[in-house]
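**Q** below is the sequence, then the predicted model.
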Amino acid sequence: MVRATADNAARGRIGGYDPPSVGLAVIRIGPVLMLVVVVTVISFLSPVFLTTRNVGNVLGQTAAIAVLALAQLMVILTRGIDLSVGSTLALSAVVGAMVFESVQSGPIVILAMLATGTAVGAVNGALYVYGRLPHPFIVTLATLSAARGLALWLSGGQPHRGMPDIVQALGGGLLGWLPYSTFLVAGLALLTLLLTTRLVWGRWIYAVGGNPEGARRAAIPVKGVLISVYVLSGLAAGVAGVITAGRLNAGSPTFGELAELDAIAAVVIGGASFLGGRGNVANALVGALMIGVIRNGMNLLNVDAFLQPIVIGVVILIAVELDVIRGRLEERFRVIQAVRS
Amino acid sequence: MNGTDQRPLLELRGLYKSFGAVQVLHDVDFSINPGQVTALVGDNGAGKSTLVKCISGIYSHDSGEFRFEGRPITIHGPRDAADLGIEIVYQDLALCDNLDIVQNMFLGRERRRNAVLDDPTMEQMAAETLASLAVRTVKSVRQQVASLSGGQRQTVAIAKAVLWNSKVVILDEPTAALGVAQTAQVLELVRRLADNGLAVVLISHNMNDVFAVSDRIAALYLGRMVAQVKATDVTHGQIVELITAGRSGDLGLPPQAEAAVAMDANGVDQ
């Protein structure tokens, strides 16, 4: 097949000058590019923004969202969604604070918080898979309500003050100017990266999102994969509970309100597809950072607090629109290639 | 009735399968030989897909005997079939658009080294398999499947089935959605599989495709195997008659049986 080789050569020669391919290369790093632009703009407008103290502050404030976003990414990769993580965060924080009132042990408190989150995640996964509910939106909407209610009921609607030293350190401690929580996020991000790109289970997560029926026929344990991502999401909510409770030295039933939407927004800004199978760890982190940076930047610039959600909303729209344009360009690129070959 | 004297690789005898009151397969004999393409033809509802699903272990059968390389076997699930070296390429492909060619070819059977995905080895094996099939239509094995044409996708699906040292490859309407040039490519590939020694089953509605690549033709009619013949011994017209009436001259059901079968199946089958 001499023809194919000739085609390849032709493609290589023309490729460098293809307007769509250049545009595609730029737009593919869209989320990172947007973050760079936002950081640059804010750093020009505010001299405080890029000081080590403020950067540490941004990272500390973003840690909980970042942890939630890492897990939400895996859920969304399987075509799912987990709306319950904010409520689960609050429940695990309340449980942690109440355990601490009777047991003065940091590890036990942390264990209780992680176990609480994992339990909610397991309930989500099991109800979705074995209860054959039509969409995870419904299951996790129910647990969003139930977990928040449980947190309110257990705590009597009151914040419970006091957290073990180790929890406080994880939430608010600093190493130099970097919060401990940043290292925690980095570690979890590395683990998630390893899982999603280097392990068989991660490959299966992408496969289940890309073609559930195909995955089933390839003898992939689709149910197990689905349950696992909700369990991990619950566990992540527990970790985010530790960070939040440690930062504020309390467990309150009002923690994490709308945190699930921040996590989803972070993943979406990072270019993940709601149709499943597309998205990556680095971009989800960039999405989380984007939200943190914009909030922090607007505070520094004294932007009216009521305007901030509008800006976040606009950023989400821009990010998704860029992603739509990317999809169109890739399609056009494909057609051009098909025509050539 | 067999087209050759060769010992069949896979042989089914007296296979029955019903769904509730509906008898879908009725005393079906079916044999396939290594190095040959056996076309499995029949009208919609004749039981082609059911037969294939019984072979692949997706359905359990009611009664009947399976022999593989002369040994009696039982197939309880898709894993059993895969362990024997029976691979099915489904009509709707079952490829993941969001994964690349290598990832798709190893889907569900990924190679590991120290618990981590062994991508270099998988990439090499995928490339070697495609090369062994003389596939040159795909640019890179790292291409996303979403970016492939219909023919290329079908090629990947077939190559995936071959990767596992499989002995039997069953293709369910591999050319149904393809254009003329792509159909020719895929048929060429199907022929090459048989020439490499595999037993190939080709399910098709297209008589041109069937006669282009098949060594033997097996015709199902309302759940009954009415003929298994050498492709060179029959004409287009005869096969069409077998498909539509279950009978063609000396081939197929005897005249009375044909009427009975048709009445039996009326309003029940399909």
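**A** Okay, I see it. Residues are numbered from 1 along each chain as shown, chains lettered A, B, ... in the order given.
**Q** need the longest helix for the chain.
**A** Picked chain A for this. Using DSSP state H to assign secondary structure, the helix with the most residues in chain A is helix A:308-340.
**Q** looking at chain B here, not the other one
**A** Of all the segments assigned as helix in chain B under DSSP H, the longest by residue count is helix B:180-195.
**Q** C-terminal to that one, what's the next element?
**A** The element immediately downstream of helix B:180-195 (helix or strand, assigned by DSSP states H and E) is strand B:199-203.
**Q** so what touches that next one?
**A** With C-beta atoms under 8 Å, 6 or more residues apart in numbering or on different chains as the test, strand B:199-203 has contacts from B:9-10, B:32-41, B:48-49, B:52, B:167-174, B:190, B:193-194, B:209-210, B:213-214. All C-beta spots, glycine's among them, are computed from the backbone N, C-alpha and C.
**Q** now do stretch A:199-211
**A** Under C-beta under 8 Å, 6+ apart, the answer for stretch A:199-211 is A:74, A:76-79, A:194-196, A:214-215, A:218, A:220-222, A:225-226, A:228-229, A:275-278, B:94-99, B:103, B:107-108, B:110, B:112, B:115-117.
**Q** that one: how far from the chain's middle?
**A** 18 Å (C-alpha atoms, centre = their mean, to the nearest Å).
**Q** same question, stretch A:126-139
**A** Taking the mean C-alpha point of stretch A:126-139 and that of its whole chain, the gap between them comes to 21 Å (C-alpha atoms, centre = their mean).
**Q** can I get the CA coordinates of it in PDB?
**A** Below are the C-alpha coordinates for stretch A:126-139, written out as PDB (Å, rounded to 0.1, in the frame of the first residue of the first chain):
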ATOM      1  CA  ALA A 126     -25.100   0.500  46.000                       C
ATOM      2  CA  LEU A 127     -28.400   2.300  45.600                       C
ATOM      3  CA  TYR A 128     -27.500   3.400  42.100                       C
ATOM      4  CA  VAL A 129     -26.200   0.000  40.900                       C
ATOM      5  CA  TYR A 130     -28.400  -2.500  42.800                       C
ATOM      6  CA  GLY A 131     -31.400  -0.300  43.300                       C
ATOM      7  CA  ARG A 132     -31.300   0.200  39.500                       C
ATOM      8  CA  LEU A 133     -32.200   3.900  39.900                       C
ATOM      9  CA  PRO A 134     -32.300   5.600  36.500                       C
ATOM     10  CA  HIS A 135     -29.600   8.200  37.100                       C
ATOM     11  CA  PRO A 136     -27.000   8.900  39.900                       C
ATOM     12  CA  PHE A 137     -28.400  12.500  39.900                       C
ATOM     13  CA  ILE A 138     -31.500  11.100  41.800                       C
ATOM     14  CA  VAL A 139     -29.600   8.900  44.300                       C
END
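**Q** where's the residue nearest to B:Arg111 when sequence neighbours are not counted relative to B:Val102, distance?
**A** In space, B:Arg111 comes closest to B:Asp118 once its chain neighbours are excluded; the distance is 4.3 Å by C-beta to C-beta, 6 or more residues apart in numbering or on different chains. When distances are taken as C-beta to C-beta, to the nearest Å, B:Asp118 and B:Val102 turn out to be 11 Å apart.
**Q** same question for A:Asn296.
**A** A:Asn296 sits at a distance of 42 Å from B:Val102 (criterion: C-beta to C-beta).
**Q** now do A:Gly327
**A** In this view, A:Gly327 and B:Val102 are 23 Å apart by C-beta to C-beta.
**Q** and B:Asp118 and B:Val102? Which one has more around it.
**A** More neighbours sit around B:Val102 than around the other of B:Asp118 and B:Val102, counting by other C-beta atoms under 10 Å in any protein chain shown; the figures are 23 against 16.
**Q** so who does the more buried one touch?
**A** Applying C-beta under 8 Å, 6+ apart, the residues near B:Val102 are B:119, B:122-123, B:126, B:141-142.
**Q** not counting residues beside it along the chain, what's closest to it?
**A** Skipping the residues right next to it in sequence, B:Val102 comes nearest to B:Ala126 by C-beta to C-beta, 6+ apart, at 4.5 Å.
**Q** any idea how many residues pack against the one you found?
**A** Using other C-beta under 10 Å as the criterion, B:Ala126 is surrounded by 24 other residues.
**Q** no more questions from me, cheers.
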